[in-house]
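*Asks:* coords please:
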Amino acid sequence: MYLTRMELDVNKRDTRKALISPNLLHGAIESSFPGERERRLWRIDKFQGRYDLLLLSARIPELTKMVKQFGKEEGGPPWQTKSYDTLLERIHSNRIWQFRLTANPTKSVKSAENEKRGAVHAHITPEHQTQWLLDRCEAHGFFVDPEEVVVISSQWQRFYKGNERKHPITLLSVTFDGILTVTDEVRFRQTLVEGIGRGKAFGQGMLTVMGLGTAHG
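*Replies:* Residues are numbered from 1 along each chain as shown. Purely as a prediction, here's the structure:
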């Protein structure tokens, strides 16, 4: 596995559009990997006014076209890729990590018209968003104390899936920061690689960890 970071240029019109319409980045990411399509995780990190694309993939990406469309073209290497396997090997049960997760916390609400499959709605309050995460910790191999997690951002995104603009999508992108403890190292490594929740094609579900005392961003 490989983790890639590319700084985005918010002075570019395409970048500003992509920050609210993640389908634009999804398409560009897919075109950066020729051959068979694979599941990949990605998200946008914001830190002190800087926006970075973070991408986890099984193969090394070729982002030259993405840099021209969305990235910084001056001031150093346009993107950096490093092996993710080193971090995965450091994952052990009972170890404590700082984490960041961008996800789409949702619930299914059944109605009289549709009793078999409920309509999907976003959790819109920090309390319910946090509870959504806490409810999924055990199944994903970690534990979070409710006092050690905070919602740092929440943003609605509205866009169309496909080129014909026939399939509108609305999702709420929520970013959590906090401290976690690994309870099942096998499940947790799988979570880091496969993500949590819905909307992974559109920048949701990516969980990253760092050693305590190291700032994200």
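*Asks:* hmm, A201 is touching L25, no?
*Replies:* No. A201 is beyond contact range of L25, at 9.9 Å (criterion: Cβ atoms under 8 Å). C-beta: built from backbone N, CA, C; applies to glycine.
*Asks:* between those two, which one's more packed in?
*Replies:* Set A201 next to L25 and count neighbours by other Cβ atoms under 10 Å: L25 wins out with 26 against 19.
*Asks:* who touches the spatially closest residue to the more buried one that is not a sequence neighbour in this structure?
*Replies:* Nearest non-adjacent residue to L25, counting by Cβ to Cβ, 6 or more residues apart in numbering: A18, 4.9 Å away. The neighbours of A18, taking Cβ atoms under 8 Å, 6 or more residues apart in numbering as the test, are L8, L24, L25, A28, F70.
*Asks:* in terms of helices and strands, where is A18?
*Replies:* According to DSSP states H and E, A18 maps onto helix 13-20.
*Asks:* and that helix, which residues are buried?
*Replies:* Neighbour counts over helix 13-20 (16 or more other Cβ atoms under 10 Å) mark D14, T15, A18, L19 as buried.
*Asks:* before we move on, back to that, and of the contacts of A18, the nearest to L41?
*Replies:* Lowest distance from L41 to these (Cβ to Cβ) belongs to L25, with 12.5 Å.
*Asks:* if we can go back for a sec, pLDDT on the helix holding A18, on average?
*Replies:* What helix 13-20 shows for mean pLDDT is 92.
*Asks:* shaky segments in the protein?
*Replies:* 111-117, 162-165, 213-217 (pLDDT under 70).
*Asks:* strands of that one, start to end?
*Replies:* With strands called from DSSP state E, the chain shows them at 2-7, 41-47, 50-57, 79-83, 96-103, 106-109, 119-122, 142-143, 149-161, 167-182, 206-210.
*Asks:* which among those is found nearest to T191?
*Replies:* strand 206-210 (6.0 Å).
*Asks:* quick check: closest non-adjacent residue to Y160.
*Replies:* Y160's closest residue in space is P168 (Cβ to Cβ, 6+ apart), at 5.6 Å.
*Asks:* please name the residues that touch that neighbour.
*Replies:* R158, F159, Y160, K161 are the contacts of P168 under Cβ under 8 Å, 6+ apart.
*Asks:* cool, E73 as well?
*Replies:* So E73 contacts D9, V67 (Cβ under 8 Å, 6+ apart).
*Asks:* and it, how far from L172?
*Replies:* The gap separating E73 from L172 is 32 Å, by Cβ to Cβ, to the nearest Å.
*Asks:* returning to what we had before: in JSON lines: the strands of the chain, plus distance to R136.
*Replies:* JSON lines is the format used below for the strands of the chain (distance: least, Cβ to Cβ, whole Å):
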{"stretch": "strand 2-7", "distance to R136": "22"}
{"stretch": "strand 41-47", "distance to R136": "16"}
{"stretch": "strand 50-57", "distance to R136": "19"}
{"stretch": "strand 79-83", "distance to R136": "27"}
{"stretch": "strand 96-103", "distance to R136": "9"}
{"stretch": "strand 106-109", "distance to R136": "12"}
{"stretch": "strand 119-122", "distance to R136": "15"}
{"stretch": "strand 142-143", "distance to R136": "9"}
{"stretch": "strand 149-161", "distance to R136": "12"}
{"stretch": "strand 167-182", "distance to R136": "11"}
{"stretch": "strand 206-210", "distance to R136": "10"}
